[in-house]
Structures are given as structure tokens and as C-alpha cells.
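Chemist: Model the following, please.
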Amino acid sequence: EALRVDPESAELLHQLANTHLALAELEEARREIEGAFARAPSSVKIRVTFAAVCGAQGEYALSEQHSRAALRLEPDSLHALTNLGTALIEQGRIDEARMAYDEAVRLAPGDPFVCIARGAMSLEVDGRVDEGIEWFRKAQRLQPGLSRAEVKEASALLLSGRYAEGWERYEARKQHSSIGFELYESIHLRDWDGSALGGRSIVLYGEQGLGDEIMFSSCVPEVLAQTDTCHFLCHERLTGLFARSFSDATVIGWRRQGRDTKAIEVPRADFKCALGTLPRDLRGSREAFPDHNGYLLADPSRVARWQ
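Modeler: Model prediction:
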């Protein structure tokens, strides 16, 4: 509506780009940020967002270009420095990336997002898990309840084999992901706490990307062993695969499109549980990961076609 009133507003286009970026709608984000940039090429914040969008699309050289342009306009731009660091890491220029992150820390040692960026480098580049955890915890001390830092800490804890603690921290993703949070809030059922279902019914739902839904669905057979009534809400692209693989569940597909989802009627049940929460209750230690020969069944017709 605002754009219809002022279709040439660089600020409105910039805000739209940030919204699309937060929802991982990268093509839409790119379209809007290109429009904003065409109208205000000297805007530091537009350059910074352009760098972030390019980075998300894997165009790291272009992300570096926009980050450096933003830094020429505003040398102490923290977002430009951290975007630059990320772009340099992805291009294999680790020493330059470290300089960018260290400069951000020097400029703003008390900025929680700078701490997250520096922790990510410690964890993902240097392999220093404990150092990364300390950076993420520092970010949380600076801004309590910062879910992005909690999710990063969870990843580090899981990498270090501290499964029970890591999965518990991973619950913060429900606040970090607007889509996941909105879906969680829309299912008006009690949360399953991992106690024995004893035949009571449950709704499982995927709230993340396709890869995450596939990975976390490895826990579904253990849920099915406890109940005769399991409704499984998954991305519609996975409906056939999951219906074939988990034949004892009622599989219902839904489509995530930004803040809108394909309308679905949530079945009645005793409990609900997000797929990403299942490991908290079923994978609390290394020993809790079962031996198996696979949990997904390929489409027989496609198997035959490739043989």
C-alpha cells in the first residue's frame, strides 16, 4: 500500500528487501534491494543490505564489493565489516576475514551481533568450539534472550557432543524463526514433554527447511512406536516421501510462502511437537542414536527407472 503511494521510495524498497531476506525469500529480496539501490546508491544501509542479499545468494565477490563500498562511505559500519568478513571467508581469504571481524570487535566490543559474528568464525573456521561458545554466551549476556546467539550456541554444543544441553538451547530457534513461531502458535495443542505417549495422539510438524525436516524425521519411528494416532504436518514437497516412509502416520502437506501457508486444518490430538524438538527428548546422548539401515523409502517406480 505504501509503495502505491510512493513507488519511488528507496526506504520502503529497502524495508521490503529486509523483510524478504528475513524470510529467506531471496529472489524477492534481490529485486527490492536492486530497486532501492538504483534510487539511493550512496546509502550505506542499502549497500549493507545489498551485500547481505548477495551473500545469501552465494555471490560472495559481489557481497564483498558492496561491503567495501559501504565501508568507504562509513568506515566504522559494523554490519558492513561483518558482511565483509563472511564474504571473505566464503572466498577462502581467512586472514582478511579475521582482520574485518577483529576491527568490528575493536570498534564495538559490547555489540552482541559482533560477538555472534566473531564466535561463528571461531567455531566454523578455526574449529575452536569452546571459544565460539564463549562468544555466543557473551552476546547473550549483553542482550539477554537473544535467540540468534542461543541457536548458535546450541550448534556449538551439539558439535562438541553435549547433546542434552545443545538440544535444549536449540529450542530458541522457535523465537528466531518467525515462520516457526507463527506455526507453533497456530497449533492450539499441549506441547509434548517427551514422556511416554501411552497410545495418546500427537501432531508432529516441520517448521524449518526441507533438509531439516528430512534429518529430524529420523526420530519419527520412535514416536510411531508409542501411539496409533500420529498426524505429521510436513512441507508439501515431502508428502509422498513421508507417507511412503511412515505409513502408520497420517501425513498432511502444507506450503510455506513467506508469512502465508497453505490453509490446513490441524487435526485434534492430545499433544503437538515440532520435528526439531524431537531430538531433545529422543537424542540426549550419543548412545540414544539408534543403529538402523535407513528410515526413508524411495519411490519404487523411480528406483526401477534408474536401474
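
Chemist: Residue 121 should be in a helix, yeah?
Modeler: Yes. The assignment for residue 121, made by DSSP: H, G, I helix; E, B strand; the rest coil, places it in a helix.

Chemist: And for the closest residue to residue 16 other than its chain neighbours, the neighbour number?
Modeler: Leaving aside its chain neighbours, residue 16 sits nearest to residue 32 (4.3 Å; criterion: Cβ to Cβ, 6 or more residues apart in numbering). All C-beta spots, glycine's among them, are computed from the backbone N, C-alpha and C. Neighbourhood size, residue 32 [other Cβ atoms under 10 Å]: 24.

Chemist: Low-confidence stretches in the stretch 151-300 of the chain?
Modeler: By pLDDT under 70, the low-scoring segments of the stretch 151-300 of the chain are 176-185, 255-264.

Chemist: Helices along that one, start to end?
Modeler: Remark: helices assigned in the stretch 151-300 of the chain by DSSP state H, counting those that start in this stretch are 163-170, 173-176, 178-186, 210-216, 220-224, 239-245, 278-282, 300-306.

Chemist: So which of those helices is nearest residue 197?
Modeler: Residue 197 lies closest to helix 220-224 among those, at 7.4 Å (Cβ to Cβ).

Chemist: counting contacts, what elements does that closest one pack onto?
Modeler: strand 202-205, strand 230-235, helix 278-282 (3 or more Cβ pairs under 8 Å, 6 or more residues apart in numbering; DSSP states H and E).

Chemist: Buried deepest among these, which one?
Modeler: strand 202-205 (a mean of 24; mean count of other Cβ atoms under 10 Å).

Chemist: so what strands line up beside it?
Modeler: Its sheet considered, strand 202-205 pairs with strand 230-235 (parallel), strand 271-274 (parallel) by DSSP bridges.

Chemist: outside of that strand, which residues touch it?
Modeler: With Cβ atoms under 8 Å, 6 or more residues apart in numbering as the test, strand 202-205 has contacts from 183, 187, 189, 192, 220, 223, 227, 229-234, 249, 266-267, 269-275, 278.

Chemist: If we use 6 Å, what do you get?
Modeler: Residues from elsewhere that reach strand 202-205, judged by Cβ atoms under 6 Å, 6 or more residues apart in numbering: 192, 227, 230-233, 269, 271-274.

Chemist: what separates that strand from the chain centre, distance-wise?
Modeler: Relative to the centre of its chain, strand 202-205 is centred 20 Å away, using Cα atoms, centre = their mean, to the nearest Å.

Chemist: for the contacts of strand 202-205, which one is nearest residue 70?
Modeler: Using Cβ to Cβ, those come closest to residue 70 at residue 274, 37.1 Å.

Chemist: hang on, the closest one packs against residue 212?
Modeler: No. Using Cβ atoms under 6 Å, residue 274 is not in contact with residue 212; the gap is 10.2 Å.

Chemist: Which positions within the strand or helix carrying the residue nearest to residue 16 qualify as buried?
Modeler: Using DSSP states H and E, residue 32 falls within helix 26-39. Neighbour-count burial for helix 26-39 flags 28-33, 35-37, 39 (criterion: 16 or more other Cβ atoms under 10 Å).

Chemist: Mind checking the helices and strands packed on helix 220-224 for the one nearest to residue 79?
Modeler: Closest approach to residue 79 among these is made by strand 230-235 (31.4 Å; Cβ to Cβ).
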